[in-house]
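S.K.: I would like the atomic coordinates for the input below:
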Amino acid sequence: KDYRFDTDAGTQTLGELFGNRSQLLVYHFMFGPSYAAGCPVNSSIADSVNGVLPHLHARDMRFIFVSQAPLEKLHAYKRRMGWSVPWVSSARTDFNFDQGFSHSEEEGRAVVRQMMGGGIPPIAEQNARASGTDLAGYMTESPGFSAFVKDGDAVYQTYATTWRGLEFLMSYYQIFDHAPKGRDEGADWQLWLRRHDEYERA
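M.R.: Residues are numbered from 1 along each chain as shown. Modelled structure (predicted):
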């Protein structure tokens, strides 16, 4: 499709998001239209990625975040977090829906109904509250990573993953895996995670 994204440089196509590089790495960041702030777990991933941008650029790669929230909301949160990763809004395109990382409000409610049968994971409730939305609104978004390559005017998708497949972006887990106590999360999987400016307040 002729996807059109809202970017710092105005409206751009998927091909234009590559800039002057032939590889485009996209993190589908959970920040939906009903969110007041980005998901804390996704924010920890952004922290991990932000510092490696120069190394990716040196290898002909551009890394960006894509979210459904309007660009103004994304800008404000990016300033708060101090990130330099380019962040574009897919609010006016089907891109995130077609990739399977955004869902309708009805689909979000259906996921919540399904979860209620086995008990809603504490991490989902915590992240919904932290993102300033309800659980159904939170579940309209899923995290994901997609890789694309450009060959002339043609754009090809070469890879995609979601959920636990995203741990390669969570550099702190690889560090924990070499620490004496390891991940040491137990049943409280990821409940300890906060935005980097919130730990001292927790």
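
S.K.: show me where this protein has helices.
M.R.: 40-50, 53-57, 71-81, 95-99, 105-118, 122-130, 135-138, 171-176 (DSSP state H).

S.K.: mind putting these in CSV, mean neighbour count included?
M.R.: For the C-beta atoms, the positions are set from N, CA and C on the backbone; glycine is no exception. Below are those laid out as CSV (neighbours: other Cβ atoms under 10 Å):
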stretch, mean neighbour count
helix 40-50, 20
helix 53-57, 12
helix 71-81, 16
helix 95-99, 18
helix 105-118, 13
helix 122-130, 17
helix 135-138, 20
helix 171-176, 13
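
S.K.: those: lowest mean pLDDT?
M.R.: For these, mean pLDDT drops lowest on helix 105-118, to a mean of 79.

S.K.: report the central residue of the chain.
M.R.: Centroid-nearest residue in the chain, with Cα atoms, centre = their mean: residue 29, separated by 1.7 Å.

S.K.: so who does that one touch?
M.R.: Going by Cβ atoms under 8 Å, 6 or more residues apart in numbering, residue 29 touches 38, 39, 42, 45, 46, 65, 66, 67, 87, 143.

S.K.: farthest pair within these?
M.R.: Greatest spacing in the contacts of residue 29, by Cβ to Cβ: 87 and 143 (14.5 Å).

S.K.: these two - which one has more neighbours?
M.R.: Counted by other Cβ atoms under 10 Å, residue 87 and residue 143 do not tie: residue 87 has more neighbours, with 23 against 19.

S.K.: which residues touch the residue lying closest to residue 98 once chain neighbours are set aside?
M.R.: Leaving aside its sequence neighbours, residue 98 sits nearest to residue 1 (Cβ to Cβ, 6 or more residues apart in numbering; 7.0 Å). Listed by Cβ under 8 Å, 6+ apart, the contact set of residue 1 reads 93, 94, 95, 98.
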